[in-house]
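J.: Return a 3D structure for these sequence lines:
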Amino acid sequence: MEEYGASPEATKLVNRLRRVEGQARGLQRMIEDGRPCEEVFTQLAATKAALDRVGMLLISLKMRECLVDEGDGEEATREGVERALDAVGLTGFGDRSMLELSGGQRQLVSLARALAQDPEILLLDEPTAFLDLRHRVEVLSVVRDLAAAGRSALVVSHDLTLAARFCDRLALLADGRVLAVGAPSEVLTPAALRAVYGIEADVLVAPDGTPIVVPSGIRHGGGAPPAAGAGALPGATGGASR
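T.: Predicted structure coming up:
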């Protein structure tokens, strides 16, 4: 039978993280007390060494161990973990080390971690940040499928074209105010992009009707600094702020 509780490696990781926390608190106290530089640097070296040991343990940490909630029973944990991995397309990956995964797969693990708690609403802040185009599409496709299956999802994103592709409704905010809310084709207009981002842009239309934002230059003479774009999938509303 597979073990869904904390493995010896996970337990060691928790203990070492606690040591890192203790070392860091000691370092903070020494700085606040104005202790000599030599003592501070010695403590800093000890803190770094503790953190390095944590990094070494991460190599042996399995994906499944990142999804386990120790507050649930074993059977509930088993079912939740396997269901979450299946939902994000990572069935059979549970025993892989986190360091063996690509950036996109790690984002999917984060999404699976949320799904293992069986939420009705997903709140995702820049889930595609630092990913290449393929993995951005992969992550948002999974979120889209989850929303189509009955969940609600709110996604904050700076990628307006991808947000328009995968979201039913968008919201643009500028200076803490909601400037526009509605279908992507209604929200992503040259005037709205000029007001929110201070740019000139053409908005083209893909064959399926999805708007495509093509920036053409900076609007001269000032303008609002960039604000985040946000997309919402079925059952939710969207919003973001700087």
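J.: all helices for the protein, in order.
T.: Taking DSSP state H as the criterion, the chain carries its helices at 8-32, 37-58, 74-87, 103-115, 133-148, 160-166, 184-187, 190-197.
J.: Dump the ones you listed into JSON lines; add distance to Asp175 and mean pLDDT as well.
T.: Just so you know, the C-beta spots here come from the backbone N, C-alpha and C atoms, and that holds for glycine as well. Converted to JSON lines, the helices of the chain look like this (distance: least, Cβ to Cβ, whole Å; pLDDT from 0 to 100):
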{"stretch": "helix 8-32", "distance to Asp175": "36", "mean pLDDT": "75"}
{"stretch": "helix 37-58", "distance to Asp175": "39", "mean pLDDT": "74"}
{"stretch": "helix 74-87", "distance to Asp175": "38", "mean pLDDT": "73"}
{"stretch": "helix 103-115", "distance to Asp175": "30", "mean pLDDT": "81"}
{"stretch": "helix 133-148", "distance to Asp175": "27", "mean pLDDT": "88"}
{"stretch": "helix 160-166", "distance to Asp175": "18", "mean pLDDT": "93"}
{"stretch": "helix 184-187", "distance to Asp175": "17", "mean pLDDT": "94"}
{"stretch": "helix 190-197", "distance to Asp175": "9", "mean pLDDT": "90"}
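J.: I'd like those helices as a markdown table, with distance to Leu173 and mean neighbour count appended.
T.: Formatted as a markdown table, the entries for those read as follows, by distance: least, Cβ to Cβ, whole Å; neighbours: other Cβ atoms under 10 Å:
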| stretch | distance to Leu173 | mean neighbour count |
| --- | --- | --- |
| helix 8-32 | 35 | 14 |
| helix 37-58 | 37 | 14 |
| helix 74-87 | 30 | 17 |
| helix 103-115 | 24 | 20 |
| helix 133-148 | 20 | 18 |
| helix 160-166 | 13 | 22 |
| helix 184-187 | 11 | 18 |
| helix 190-197 | 7 | 18 |
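J.: Need the nearest residue in space to the residue nearest the centre of the chain, chain neighbours excluded.
T.: When the chain is reduced to its mean C-alpha position, the closest residue under Cα atoms, centre = their mean turns out to be Pro127, at 3.6 Å. Ranked by Cβ to Cβ, 6 or more residues apart in numbering and with sequence neighbours excluded, the top spatial neighbour of Pro127 is Val139, at 5.5 Å.
J.: Outline the domain layout of this protein.
T.: Recorded structural domains for the chain (assignment: automatic domain parsing) are 8-58, 63-110, 119-242.
J.: quick one on the thing from earlier: so which of the helices of the chain comes closest to Glu65?
T.: Taking Cβ to Cβ, helix 8-32 is the member of these nearest to Glu65, at 4.7 Å.
J.: What helices and strands are in contact with the closest one?
T.: Using 3 or more Cβ pairs under 8 Å, 6 or more residues apart in numbering; DSSP states H and E as the contact criterion, the neighbours of helix 8-32 among helices and strands are helix 37-58.
J.: List of residues touching the helix it packs on?
T.: In this structure, residues lying in contact with helix 37-58 by Cβ atoms under 8 Å, 6 or more residues apart in numbering are 9, 12-13, 16-17, 19-20, 23-24, 26-27, 30-31, 98-99.
J.: quick one on the thing from earlier: which of the helices of the chain sits closest to Pro207?
T.: Nearest of the helices of the chain to Pro207, taken as Cβ to Cβ: helix 160-166 at 12.4 Å.
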